[in-house]
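Novice: curious how this folds, go ahead:
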Amino acid sequence: MINQAIASLVQSAIDAGLIPEEERIFSTNALLERLKLDSFEAPEALSDRPLAELLAILTDDAVARGLCEEDITARDLFDTGLMGCLTPRPAEARREFRSRLAQDPRSASDWYYHFSGATNYIRWDRIRRNLVWKAPTEYGDLDITVNLSKPEKATTSLAAVKAAKEAPKTAYPLCLLCQENEGYAGRSNHPGRQNHRPMPLVLDGEDFFLQYSPYVYYNEHCIAFSAQHIPMVIDAHALRQLLDFVTIFPHYFMGSNADLPIVGGSIFTHAHFQGGHYRFAIENAPVETELKFRGFEDVQAGILRWPMSVLRLRAGDKSRLAALADRILRCWRSYSDASVQIYAETDGIPHNTVTPIARRKGADYEMDLAMRNNLTTADYPLGLYHPHSELHHIKKENIGLIEVMGLAVLPPRLKNELARVEELLCSGGDLRGDPLSEKHADWAQQLRSRYTITPENVEEILRKEVGVAFAGCLEHAGVFKRDEAGHAAFLRFAEAVNRP
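Specialist: I've put the predicted structure just below:
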């Protein structure tokens with residue numbers, strides 16, 4: 001079986017275009033070295049098992065022979081090392097990418113996405129475990145994912161971000177995004193990356209690299225990261241970089257998490273963006289209030305009909321769009337409106353930033369700016385503009401870029417919890433008496449009063465209502481509420497942008 005798994009793994013690499021036929025023996029011997037085997041006999045037949053199963057067979061054997069510990073971290077390090085034997089060297093992969101990019105950006109991204117899955121950098125076997133559905137809401141069909149492929153990070157506190165920024169710069173690589181990850185063998189607290197081949201780009205004059213997320217949440221979920229280990233900052237430079245990216249890849253969107261804790265991303269120490277080839281619900285959101293900004297009459301602008309507070313800008317000239325976006329951002333950084341509890345800073349700590357998203361619309365450029373504020377209060381210690389406690393049974397984690405666009409990344413606990421809620425709703429059981437359903441009891445009890453629930457419709461009802469709850473999380477994150485006072489406050493901010 002081991003000989004068959006080795007031969008089949010090599011054949012899968014040949015079939016995927018990772019290695020040429022003439023490297024069959026060389027690659028087989030590289031695997032034998034990694035597996036500490038000194039002989040090989042070609043099998044009579046190859047296996048048609050998928051890539052993940054072939055790697056599991058070889059890793060199981062390595063564990064049995066004491067070459068690998070029996071835990072998920074050690075196994076991941078080991079099987080990544082195996083795939084490193086079958087992954088082209090960086091220069092070869094980049095030649096192929098650049099050649100395709102010069103002809104057609106779609107061809108380049110299609111090839112690279114396939115490449116990233118074929119090398120097992122994108123771990124499709126785990127991603128397929130996620131529960132995924134669309135939920136109808138008043139803001140359109142929102143995407144829901146119960147994340148079963150990797151742990152979900154909790155809210156990042158101000159203190160944690162400060163500690164990360166002040167930590168000694170002694171680790172290698174410094175973080176998961178650094179270019180030094182390419183080919184790195186990994187260790188117990190850092191994943192192996194022998195199969196990692198990021199592709200170089202230049203965005204607004206700065207060297208960047210493109211890669212795909214190992215745990216993609218949507219089609220062609222990619223990351224563009226700076227060649228330097230420098231902090232995330234949303235400024236005019238970053239806005240131009242987003243627009244440069246969609247100039248190179250017009251079929252992709254590119255956005256950024258905000259650069260402040262609570263409302264921002266999980267890695268603040270390394271400048272990076274996230275994009276992909278997917279149409280999120282926010283892209284379908286209409287402009288409900290048109291705006292004009294003085295000096296930028298050539299840029300279409302307006303407030304979106306969306307649960308969060310989002311301005312949409314559109315223009316044929318990306319430099320004009322970037323200039324207006326920068327004016328809005330700079331105004332927002334220092335903007336306060338006590339009547340709606342918006343404060344630019346307290347005790348010297350800044351609160352205002354944006355989550356920007358860039359895309360192409362034919363020859364035009366479009367950018368959405370979601371207004372963000374990370375103020376905390378005694379009543380809302382996790383964030384005033386963060387999901388409130390009544391919705392924590394569904395989502396307590398940050399509202400980041402992906403959520404802003406309309407995709408809920410929900411914690412894995414919900415798989416078993418919602419299954420138990422389904423059972424108890426159908427049986428009439430005690431929702432408060434079960435540890436799996438207890439936190440959902442108030443919510444589920446309301447559903448009992450609103451629906452005639454049967455075993456046939458209970459899953460559909462719960463999935464729909466999870467989407468409604470997620471829309472509520474986004475409304476909580478909106479700094480200008482979707483009511484008369486909130487709309488008037490949003491218009492006051494737009495007027496502030498117009499003032500000299």
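
Novice: what helix or strand is Ile230 on?
Specialist: Using DSSP states H and E, Ile230 falls within no helix or strand.

Novice: quick one, what contacts it?
Specialist: Going by CB atoms under 8 Å, 6 or more residues apart in numbering, Ile230 touches 270-271. Every C-beta, even on glycine, is put in place using the N, C-alpha and C of the backbone.

Novice: what does it show for phi and psi?
Specialist: The phi and psi values for Ile230, taken as degrees, to the nearest 10, are phi -130, psi 150.

Novice: can you read off the pLDDT for it?
Specialist: Looking at Ile230, its pLDDT stands at 96.

Novice: which residues touch Pro350?
Specialist: 260, 333, 344.

Novice: can you tell me which of those residues are in helices?
Specialist: Arg333 (DSSP state H).

Novice: helix, strand or coil for Thr353?
Specialist: Following DSSP: H, G, I helix; E, B strand; the rest coil, the label given to Thr353 is strand.

Novice: ok, now how distant is Leu447 from Ser437?
Specialist: Distance, Leu447 to Ser437, using CB to CB, to the nearest Å: 12 Å.

Novice: more neighbours, the two?
Specialist: Ser437 (25 against 17; other CB atoms under 10 Å).

Novice: output the below-cut-off pLDDT ranges for the stretch 151-300 of the chain.
Specialist: 151-169 (pLDDT under 70).

Novice: so what's the residue count around the nearest residue to Glu438 once chain neighbours are set aside?
Specialist: Leaving aside its sequence neighbours, Glu438 sits nearest to Arg432 (CB to CB, 6 or more residues apart in numbering; 5.6 Å). Arg432 has 13 neighbours, counted by other CB under 10 Å.

Novice: look up how far Ala441 lies from Arg432.
Specialist: 5 Å.

Novice: what about Gln274, helix or strand, and which?
Specialist: Going by DSSP H and E, Gln274 is in strand 272-276.

Novice: by contact count, what packs against the helix or strand following that strand?
Specialist: Per DSSP H and E, strand 272-276 leads on to helix 281-284 as the next helix or strand towards the C-terminus. Counting contacts by 3 or more CB pairs under 8 Å, 6 or more residues apart in numbering; DSSP states H and E, helix 281-284 is packed against strand 140-146.

Novice: just checking: what are the partner strands of the strand it packs on?
Specialist: Strand 140-146 has its sheet partners listed here by DSSP bridges as strand 131-137 (antiparallel), strand 407-410 (parallel).

Novice: return the distance of it from the chain's centre.
Specialist: Remark: strand 140-146 is offset 14 Å from the chain centroid, using CA atoms, centre = their mean, to the nearest Å.

Novice: and Ala285, what is it in contact with?
Specialist: 139-140, 304-306, 310.

Novice: now do 6 Å
Specialist: 304-306 (CB atoms under 6 Å, 6 or more residues apart in numbering).

Novice: pLDDT value on the closest residue to Lys396 other than its chain neighbours, please?
Specialist: Using CB to CB, 6+ apart and skipping the chain neighbours, the partner closest in space to Lys396 is Pro387 (6.4 Å). Pro387 carries a pLDDT value of 97.

Novice: before we move on, what SS does Pro387 have?
Specialist: Classification of Pro387 using three-state DSSP returns coil.

Novice: isn't it up against His476?
Specialist: Yes: in this structure, Pro387 is within contact of His476 by CB atoms under 6 Å, at 5.3 Å.

Novice: tell me how far Ile25 lies from Leu382.
Specialist: As for Ile25, its distance to Leu382 is 58 Å (criterion: CB to CB).

Novice: between these two, which has more neighbouring residues?
Specialist: Neighbours were counted for Ile25 and for Leu382 using other CB under 10 Å; Leu382 has more, 19 against 10.

Novice: wait, a strand at that one?
Specialist: No: according to three-state DSSP, Leu382 belongs to no strand; its state is coil.

Novice: how near is it to Gly472?
Specialist: 15 Å.

Novice: next one: Ser336
Specialist: For Ser336, the distance to Gly472 (CB to CB) stands at 26 Å.

Novice: and Trp306, by the same measure?
Specialist: From Trp306 to Gly472 the distance is 13 Å (CB to CB).

Novice: residues contacting the most centrally placed residue in the chain?
Specialist: Centroid check for the chain by CA atoms, centre = their mean gives Ile402 as the closest residue, at 5.6 Å. Contact analysis of Ile402 by CB under 6 Å, 6+ apart lists Val409.

Novice: repeat that for Ala281.
Specialist: Applying CB under 6 Å, 6+ apart, the residues near Ala281 are 140, 142, 406.

Novice: need phi/psi at the closest residue to it other than its chain neighbours.
Specialist: Leaving aside its sequence neighbours, Ala281 sits nearest to Gly406 (CB to CB, 6+ apart; 3.4 Å). For Gly406, the backbone dihedrals (degrees, to the nearest 10) come out as phi 110, psi 20.

Novice: same check on Phe225?
Specialist: Torsion angles at Phe225 (phi, psi; degrees, to the nearest 10) stand at phi -130, psi 150.

Novice: ok so, going back, mind checking which of Pro387 and His476 has more residues around it?
Specialist: Pro387 (26 against 20).

Novice: measure that one to Phe490 for me?
Specialist: 21 Å.

Novice: one more: His237?
Specialist: Distance from His237 to Phe490, by CB to CB: 27 Å.

Novice: do the same with Arg413
Specialist: According to CB to CB, Arg413 and Phe490 sit 36 Å apart.

Novice: the more surrounded of these two?
Specialist: A count of neighbours by other CB under 10 Å puts Phe490 above the other of Arg413 and Phe490, at 23 against 13.

Novice: contacting residues for the closest residue to the more buried one other than its chain neighbours?
Specialist: Distances taken as CB to CB, 6+ apart place Phe480 nearest to Phe490, at 4.0 Å, with adjacent residues excluded. By CB under 6 Å, 6+ apart, Phe480 lies in contact with 309, 486, 489-490.

Novice: and for Asp207, nearest residue in space, chain neighbours not counted?
Specialist: Using CB to CB, 6+ apart, the nearest residue to Asp207 is Ala227, at 3.8 Å.

Novice: right, and that neighbour touches Gly205 too?
Specialist: No: Ala227 is beyond contact range of Gly205, at 11.9 Å (criterion: CB under 6 Å).

Novice: looking at those two, which is more packed in?
Specialist: Per other CB under 10 Å, whichever of Ala227 and Gly205 has more neighbours is Ala227, with 16 against 9.

Novice: got phi/psi on the more buried one?
Specialist: The phi/psi pair for Ala227 (degrees, to the nearest 10) reads phi -70, psi -20.

Novice: go on, Met254?
Specialist: Residue torsions, per degrees, to the nearest 10, at Met254 are phi -150, psi 130.
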